[in-house]
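Visitor: compute the structure for the input listed below.
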Amino acid sequence: MTIPKQKIVVILGPTASGKSALALKLARKFQGAIISADSRQLYQGLNIGTAKPTRREMNLVPHFLIDRVKPNKEYTAANFKDDALSILKKLNDKKITPFVVGGTGLYISTIVNGLNIPAIKPNHTFRKILKNKSANQLTILLKRLAPKTARNIDLKNKRRLIRAIEIAKTTGQEPIDLQKKVSLSFEILQIGMKIDRVKLYQRINQRVDSMIKSGLIAEVRQLAKKYSWKLPALSGIGYKQIGQYLRGEISKEKAIELIKRDTRHYAKRQITWFKRDKNIRWINSSRIAENLVNQFLK
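Guide: Numbering: from 1, shown residues only. Next up, the predicted model:
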């Protein structure tokens, strides 16, 4: 007798494309639960700058991997995979449909593609040295140590660059070669948010303005006071630029301008990442998404 595979719905796309709203709508309709695949929303206290779901929204539908760890703790894609697989098993036992939602491509790949991330412990002394280098300097170093990995990584993301260099230096191997794929017992529907580039950029600009009005500056100030400016979680878009403003390095207007610009660049990189996966069903309306999920779950 063949055991049926667990069905998982993945909602993905660039930042500000409407993933969370669609996921909430679908999860409510199909009595599902949401697993966040966002590498920033898992940190406690990073609320406004990560567009984290509100308490009301989280009360409407069960949410997982939101506020998972304190911002001074290390959390990797390998941690995400372990946590997500554990949650998926529990939801399967309860016959609840999981909706994996987010824009962190590497996290999603650990589930969709069964990607295994090497469990190499962080070398904090080595990282301190690398953190003082620019993204361009890190790219040059990575190309020397692991050229194949350098061709398949976000060269604008210093955290990813540092981690790849760390793994290459520790193992003497290409990090991408260590990311083995294993077969997981899932049947997966991937729905991608298709949105006009001009409209997406308008949404991003509006969201940033809304974040500032909602208290992003106070949120960053409080986090830095409680922890440190060197907190890795504060290196993310929004937190980094507001940190520069609060330290007197740039003006408030410049910080807002940089957040909008860097978020647009990040959205472009997300689109490039996801477009490599030909299994994604790109949609531009919630009605189409609802029909796809309905057919899939039947």
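Visitor: using PDB, write out every CA atom in stretch 80-95.
Guide: Output in PDB follows, covering the C-alpha atoms of stretch 80-95 (Å, rounded to 0.1, in the frame of the first residue of the first chain):
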ATOM      1  CA  PHE A  80      15.000  26.400   9.600                       C
ATOM      2  CA  LYS A  81      14.900  23.100   7.800                       C
ATOM      3  CA  ASP A  82      15.000  21.100  11.100                       C
ATOM      4  CA  ASP A  83      12.200  23.300  12.600                       C
ATOM      5  CA  ALA A  84      10.100  23.300   9.500                       C
ATOM      6  CA  LEU A  85      10.200  19.500   9.100                       C
ATOM      7  CA  SER A  86       9.200  19.100  12.700                       C
ATOM      8  CA  ILE A  87       6.200  21.400  12.300                       C
ATOM      9  CA  LEU A  88       5.200  19.800   9.000                       C
ATOM     10  CA  LYS A  89       5.100  16.400  10.700                       C
ATOM     11  CA  LYS A  90       2.900  17.700  13.500                       C
ATOM     12  CA  LEU A  91       0.500  19.400  11.000                       C
ATOM     13  CA  ASN A  92       0.400  16.200   9.000                       C
ATOM     14  CA  ASP A  93      -0.600  14.200  12.100                       C
ATOM     15  CA  LYS A  94      -3.400  16.700  12.700                       C
ATOM     16  CA  LYS A  95      -4.500  16.700   9.000                       C
END
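Visitor: check the offset of that stretch from the chain's centre.
Guide: Remark: stretch 80-95 is offset 18 Å from the chain centroid, using C-alpha atoms, centre = their mean, to the nearest Å.
Visitor: what comes into contact with it?
Guide: 6, 8, 33, 35, 37, 39, 42, 64-65, 68, 97-98, 100, 107, 110-111, 115-117, 184, 186 (C-beta atoms under 8 Å, 6 or more residues apart in numbering). (Each C-beta comes from the backbone N, C-alpha and C, glycine too.)
Visitor: same check, this time on stretch 290-298
Guide: Contacts of stretch 290-298 (C-beta under 8 Å, 6+ apart): 7, 9, 25-26, 29-30, 97, 189, 191, 281, 283.
Visitor: on that earlier part again, now which of the contacts of stretch 80-95 would you call buried?
Guide: Among these, the ones that count as buried by 16 or more other C-beta atoms under 10 Å are 6, 8, 33, 35, 37, 39, 42, 64-65, 68, 97-98, 100, 107, 110-111, 115, 117, 184, 186.
Visitor: all strands of the stretch 1-150 of the chain, in order?
Guide: 6-12, 33-36, 63-64, 98-102 (DSSP state E, counting those that start in this stretch).
Visitor: quick one, which of these is nearest to S228?
Guide: Proximity to S228 (C-beta to C-beta) singles out strand 33-36 among the strands of the stretch 1-150 of the chain, at 25.1 Å.
Visitor: what helices and strands are in contact with that closest one?
Guide: In terms of contacts (3 or more C-beta pairs under 8 Å, 6 or more residues apart in numbering; DSSP states H and E), strand 33-36 is packed against helix 19-29, strand 63-64, helix 77-93, strand 98-102.
Visitor: just these: most buried one?
Guide: Greatest average neighbour count among the helices and strands packed on strand 33-36 goes to strand 98-102 (a mean of 26), per mean count of other C-beta atoms under 10 Å.
Visitor: state the mean pLDDT of that strand.
Guide: Regarding strand 98-102, the rounded mean pLDDT is 98.
Visitor: that strand relative to strand 6-12, how many degrees between them?
Guide: 20 degrees (axes from the mean of the first three to the mean of the last three C-alpha atoms, to 10 degrees).
Visitor: contact partners for L65?
Guide: 35-37, 41-42, 80, 83-84, 87.
Visitor: now these as CSV including distance to P53 and pLDDT?
Guide: Formatted as CSV, the contacts of L65 follow (distance: C-beta to C-beta, whole Å; pLDDT from 0 to 100):
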residue, distance to P53, pLDDT
I35, 12, 98
S36, 8, 98
A37, 13, 97
Q41, 8, 96
L42, 12, 96
F80, 17, 95
D83, 17, 97
A84, 17, 97
I87, 16, 98
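Visitor: tell me which two in these are the farthest apart.
Guide: Q41 and I87 (14.7 Å).
Visitor: nearest to I256 among the contacts of L65?
Guide: Relative to I256, the closest of the contacts of L65 is Q41; by C-beta to C-beta it sits at 21.5 Å.
Visitor: in this structure the closest one contacts T50, no?
Guide: Yes: taking C-beta atoms under 8 Å as the definition, Q41 is a contact partner of T50 at 4.7 Å.
Visitor: let me see the ranges of the helices in this structure.
Guide: In the chain, the helices defined using DSSP state H lie at 19-29, 55-60, 77-93, 105-112, 124-131, 135-145, 147-150, 158-171, 175-178, 197-214, 216-226, 239-246, 252-274, 286-297.
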